[in-house]
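J.: take this sequence and fold it.
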Amino acid sequence: MKKLGKNSIIWTTYQAALSTQLFDNVIVATDSEIIYNEIKNQGGEATMTRKDHQTGSDRIAEVIEHMDVDVIVNVQGDEPFITQKPLADLIDVFRKDLQQEIAVASLMQKIKSHQDVINPNVVKVIVDKEHHAMYFSRSPIPYPRNTASGGHYFRHIGVYAFRKKALLDFSSQPMLPNEATEMIEAIRYLEYGKKIKMVESDYSGIGIDTPEDLARALEL
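T.: Numbers count the residues shown, from 1 in each chain. Modelled structure (predicted):
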């Protein structure tokens, strides 16, 4: 609800998603009456959800359970700089997936800073040669046993696209040990055998989680 320029972060993010013109509908899913009223009072669409959801995937699953939709894209409410291209790239994954083997698509970006590699708040992902996710971790993966190998580290950017069934399955399945240990919800999809396609992106927005993030966002 902090201001980013003239408007709140959540309204700015909502408008950014709308302006991509990629979606049939854009909805803010929230358990906060303050956020709900912020969107509705300005003519946007919002839905109140239960308060007991443990993850964003669970919250979205509640909203879309009875909707006639194929692909759902989750833009976190603190990502006001989201642009069309990364979202279009995620949607394109499903257009090309004629066998419907992909359950989830998400974004990744090469990490250039060693501090980010070792920072547990930066989630890392390793992929196979087809860019399917193999594992997500807060630890450095792969482990740098051979630093001359030419391998890359990738940051997981938490923007997702899902097939409807994948979301509904997620919300009905209990958390397993790896997800519970790392506290990374994307791991649940892997633990239950779902295929996640990672799309490399140069998207460089700022997720606003702290006052320091807001200061950077205001400067940008």
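J.: CA atoms only: put stretch 168-177 into PDB for me.
T.: Output of stretch 168-177 as PDB, limited to C-alpha atoms (Å, rounded to 0.1, in the frame of the first residue of the first chain):
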ATOM      1  CA  LEU A 168      -5.600 -27.400  -8.400                       C
ATOM      2  CA  ASP A 169      -3.300 -30.400  -7.800                       C
ATOM      3  CA  PHE A 170      -0.800 -28.300  -5.900                       C
ATOM      4  CA  SER A 171      -3.500 -27.000  -3.500                       C
ATOM      5  CA  SER A 172      -4.800 -30.500  -2.800                       C
ATOM      6  CA  GLN A 173      -1.300 -32.000  -2.100                       C
ATOM      7  CA  PRO A 174       0.500 -31.800   1.200                       C
ATOM      8  CA  MET A 175       3.800 -30.200   1.600                       C
ATOM      9  CA  LEU A 176       6.700 -32.700   1.300                       C
ATOM     10  CA  PRO A 177      10.100 -32.600   3.100                       C
END
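J.: ok, the residue nearest to V199 when sequence neighbours are not counted - contacts?
T.: Nearest residue to V199, sequence neighbours excluded (C-beta to C-beta, 6 or more residues apart in numbering): D89, at 4.9 Å. Glycine gets a C-beta too; all of them are placed from N, C-alpha and C. By C-beta atoms under 8 Å, 6 or more residues apart in numbering, the contact list for D89 reads L107, V199, S201.
J.: so how far is the lengthiest helix in the chain from its chain's centroid?
T.: As assigned by DSSP state H, the longest helix anywhere in the chain is helix 84-96. Averaging C-alpha positions (C-alpha atoms, centre = their mean, to the nearest Å) puts helix 84-96 13 Å from its chain's average.
J.: over to stretch 22-35?
T.: Here stretch 22-35 is found 15 Å from its chain centre; the criterion is C-alpha atoms, centre = their mean.
J.: show residues contacting it.
T.: The contact list for stretch 22-35 (C-beta under 8 Å, 6+ apart) reads 1, 10, 14, 17-18, 36, 39, 44-51, 53, 59-60, 62-63, 69, 73, 77, 84, 87-88, 91.
J.: please indicate which of the residues you listed are buried?
T.: Among those, the ones that count as buried by 16 or more other C-beta atoms under 10 Å are 10, 14, 17, 36, 39, 44, 46-49, 53, 59-60, 62-63, 73, 77, 87.
J.: next, S139: secondary structure please.
T.: Three-state assignment for S139 (DSSP: H, G, I helix; E, B strand; the rest coil): coil.
J.: quick check: I141 touching V127?
T.: No - shown here, I141 and V127 do not form a contact pair, counting by C-beta atoms under 8 Å, at 10.6 Å.
J.: just the closest of the contacts of D89 to G158, please.
T.: Closest approach between those and G158, by C-beta to C-beta: L107, at 8.1 Å.
J.: next, give phi and psi for that closest one.
T.: phi -100, psi 150 (degrees, to the nearest 10).
J.: before we move on, what about S201?
T.: phi -140, psi 150.
J.: got a pLDDT number for it?
T.: Listed pLDDT for S201 reads 94.
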